[in-house]
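**Q** okay, sequence plus prediction incoming.
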Number of protein chains: 2
Amino acid sequence: MRIRLVAFTLAGAFALYSQQAAPNAATGRGPGRAPTAPPPIRWDSPPLPDGPIVLDTAIQHQIRLTVTKGLVHPFSMAFLPDGAILVTERPGRLRIIRNGVLDPTPVAGLPEIRARGLGGLMDLALDPNFAQNKLIYFTYDKPAATGNTAVRTLARARWDGTALVDERDLFSAIPSGNASRIIFGRDGMIYMTIGIGDNEAMKAQDLSELAGKVLRLKDDGTVPPDNPFVNRAGARPEIFTYGHRNGLGLALEPGTGRLWECEDGPNGGDEVNILEAGKNYGWPVVSNGRYYLGPRVSIGDYKEGMEPPVVYWVPAIAVSGLTFYTGDKFPKWKNSLFVGGMRQGEVPRSGQLERIDFNGKWEELHRESMFHELQNRIRDVRQGPDGLLYVLTEEANGALIKIEPWTEPGR
Amino acid sequence: MRIRLVAFTLAGAFALYSQQAAPNAATGRGPGRAPTAPPPIRWDSPPLPDGPIVLDTAIQHQIRLTVTKGLVHPFSMAFLPDGAILVTERPGRLRIIRNGVLDPTPVAGLPEIRARGLGGLMDLALDPNFAQNKLIYFTYDKPAATGNTAVRTLARARWDGTALVDERDLFSAIPSGNASRIIFGRDGMIYMTIGIGDNEAMKAQDLSELAGKVLRLKDDGTVPPDNPFVNRAGARPEIFTYGHRNGLGLALEPGTGRLWECEDGPNGGDEVNILEAGKNYGWPVVSNGRYYLGPRVSIGDYKEGMEPPVVYWVPAIAVSGLTFYTGDKFPKWKNSLFVGGMRQGEVPRSGQLERIDFNGKWEELHRESMFHELQNRIRDVRQGPDGLLYVLTEEANGALIKIEPWTEPGR
């Protein structure tokens, strides 16, 4: 008998990339080995089925997934008051889904976007006062005036009911190969992540640089006067926290509204942090990760004056997207933290949705790792105004997945 | 449509334990919460199919598994020169498998064994000179003379072709709730792990205690004169290394013969260590784990004078069994390290076989996590004299699984 990792697809799902033998101790020794990172081990993500999918979970029993296909590398979503869902596609389109149906025509009104590498059109967020002012904020890579580069930019536009209008840039940061998430804090400020490449990682510790930071900005893109480094000479006043690698999720703690962040480590060392003004989260001085050639980033994972993560992963799952569940539709998931996982390859749990629950001190108790059956990379997870959870898959044939509680008929 | 985690079983596999809602931040607060560890989230392991199982892997392409069922909590195995495989069952039986067929009659000649908790009959190892002397070594829990307890004991017996004879105890350590692995080093010495419970964890740092140590003994159970602490007053001379939690795997590094060990952390913090005489591996002073109630074992994972692990897992996979692949049957797996995983529950990758490859400095490059499809806990992994890999499942309906390379007909 024959077992497939994924039950619903028996053909084509496991077309492996042509792959050299992985480096090992035997072949890795000797002068002939070039000092480059080993190739990642990958396989393709299988297409999702069209119909609803029922999955078992650890404590919520069953859930049912409804899939809306046709999205190209979707990155983020926002729920409009009329029930429609806006979805950004990283290549530079804004899409709208109404009643589970994707409008084939992209939403008009975006600026010119340069989508290369991991950038393009990224996060979006509704103004806390959206019902009145109809403002939508988003992050994108704006083509630079000269050269084949782009500048990571925070912008906003007004939603006129069918399109974005009056788009204007609020803040231009730096060229950045990584993604930028944004969220409104309880204080009405915009928090924005700026990633950093490993070749210039030490800039994450340099307060004169924006790379490797979380920024705090007013809703017009200017600097709030109570930012932690506004009075420090040589420091960028936009900085809220520093020592980050690649922040790919932001969420507000239920009750307190404290800001949580998740960021990708290198080979190991993905983290969830609780952000506090002016603090240093350690990258690249301390980390649980390894560089891709094998050496550890640091001997230990802690240093005085640097904040340890609340949760971390070794090996990495490539975290992206972060949300606390606060609704009533999944009572056993109340206050669980959900994190998307985009890791594929050597760990054939290709893509996952991770649920973490905590004790009363926000110390981790359990992790539940879901959606392995789908073998799709999870880019974002959000709670809808209906109390359900919504997930985006980071795929060229990407999808929005609605998660509902489910009881098998007759059970 | 409906997806099951395991394709081959559509009924019964997911009978969930009756489970209270997991503690969370909301319910965890307030005076009413008893200070006990949260209940683990579990589901039953499905029975394995009878026929061969074909699986996809990342770089070895396909493998075929042949299953020999009927073993009760098998713990360890040894390959006899005639091709038969001896398997210990933790409840206290020694079994023999010839040509893939389990002899229904247990092997005679074992001493009386007390099997409670995680103990019973555990590891076994052939004498390096077995071809001549037919000696077999094993670890078991010997009923104590008084009281309802047992003493962790190293014993040996002679194999007369069908049974053990002339069994005698070589070394009696201490009562121990955890398992004991043994291996012969290149130096002809026996290395034996002694675990420790979390309620007395600090004994792992106390050289006057055997708990939380790896011991080094001569093949008659006495202390070699070159052990690291033989001349230290107050120290147990049997100790080779200390600061261990629960050593559940031992293996020799290809080429050098250096001793590698894997041990279970608590909630997170499973480790693989390279053992060197007299060194301290840190438990419970430093760890990547958390206690089951949530608090971290330590703020950082490193302290001067304590050895960091070579590989670690967060979350834990409950490592057990350790072997380097050095054969020719799986060329792409040469020098990979294989580790069994017994973790079930909140991470529904219930049970796994983990493959780790390294660069030329034994720095980790990739991990490949296999066997999730089986949802069986993996207790041990060994390379047979035929160059194939063999795995034992830690189940009441346990099995020996032979792993062969496989090419799908017509591919």
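**A** Done, it's in. Owing to the predicted nature of the structure, the values given are computational and were not obtained by experimental measurement.
**Q** can you give me the helices in chain A?
**A** Ranges of helices in chain A, per DSSP state H, are A:25-28, A:130-133.
**Q** may I have the last one exported as CSV, CA atoms only?
**A** The C-alpha atoms that make up helix A:130-133 are tabulated as CSV, following Å, rounded to 0.1, in the frame of the first residue of the first chain:
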residue,chain,number,x,y,z
PHE,A,130,-12.5,54.1,9.0
ALA,A,131,-16.3,54.2,9.4
GLN,A,132,-16.0,58.0,9.2
ASN,A,133,-12.9,58.8,7.2
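**Q** any buried residues in it, and which?
**A** Residues of helix A:130-133 classed as buried: residue A:130 (neighbour count, 16 or more other C-beta atoms under 10 Å in any protein chain shown). (Glycine included, C-beta is placed from N, CA and C.)
**Q** so which residues make contact with it?
**A** Residues from elsewhere that reach helix A:130-133 (C-beta atoms under 8 Å, 6 or more residues apart in numbering or on different chains): A:81, A:127, A:136, A:158, A:159.
**Q** rewinding a little: averaging pLDDT over each of the helices of chain A, which comes out lowest?
**A** When the helices of chain A are compared by mean pLDDT, helix A:25-28 comes last with a mean of 30.
**Q** quick one: residues contacting the closest residue to residue A:234 other than its chain neighbours.
**A** Among residues not flanking residue A:234 along the chain, residue A:208 sits closest, at 5.2 Å (C-beta to C-beta, 6 or more residues apart in numbering or on different chains). Listed by C-beta under 8 Å, 6+ apart, the contact set of residue A:208 reads A:234, A:235, A:236.
**Q** quick one, phi psi at residue A:208?
**A** phi -90, psi 0 (degrees, to the nearest 10).
**Q** could you measure from it over to residue A:71?
**A** 39 Å (C-beta to C-beta, to the nearest Å).
**Q** ok, now residue A:308?
**A** Taken as C-beta to C-beta, the span from residue A:308 to residue A:71 is 36 Å.
**Q** between those two, who's got more neighbours?
**A** Between residue A:308 and residue A:71, counted using other C-beta atoms under 10 Å in any protein chain shown, the more crowded position is residue A:71 (26 against 18).
**Q** ok, the spatially closest residue to the more buried one that is not a sequence neighbour - how many residues close by?
**A** Closest residue in space to residue A:71, ignoring its immediate chain neighbours: residue A:398 at 4.1 Å, by C-beta to C-beta, 6+ apart. Using other C-beta under 10 Å, residue A:398 has 25 neighbouring residues.
**Q** same thing with the one 10 residues further on?
**A** The tally of other residues near residue A:408 (other C-beta under 10 Å) stands at 11.
**Q** how about the nearest residue to it, chain neighbours excluded?
**A** That would be residue A:62: by C-beta to C-beta, 6+ apart, it lies 6.0 Å from residue A:408.
**Q** in the sheet, who's paired with that neighbour?
**A** Beta bridges link residue A:62 to residue A:56, residue A:406, judged by DSSP bridges.
**Q** what does the one 5 residues further on give?
**A** Partner residues in beta bridges with residue A:67: residue A:401, with DSSP bridges as the criterion.
**Q** for residue A:299, see how far away it is.
**A** 45 Å.
**Q** more neighbours: the two, which one.
**A** Taking neighbours as other C-beta under 10 Å, residue A:67 and residue A:299 compare with residue A:67 leading, 20 against 11.
**Q** can you name the residues that contact that one?
**A** Counting by C-beta under 8 Å, 6+ apart, residue A:67 has contacts A:48, A:49, A:50, A:52, A:53, A:399, A:400, A:401.
**Q** swap in residue A:354?
**A** A:317, A:319, A:338, A:339, A:340, A:341, A:367, A:368, A:369, A:370.
**Q** same check on residue A:129?
**A** So residue A:129 contacts residue A:135 (C-beta under 8 Å, 6+ apart).
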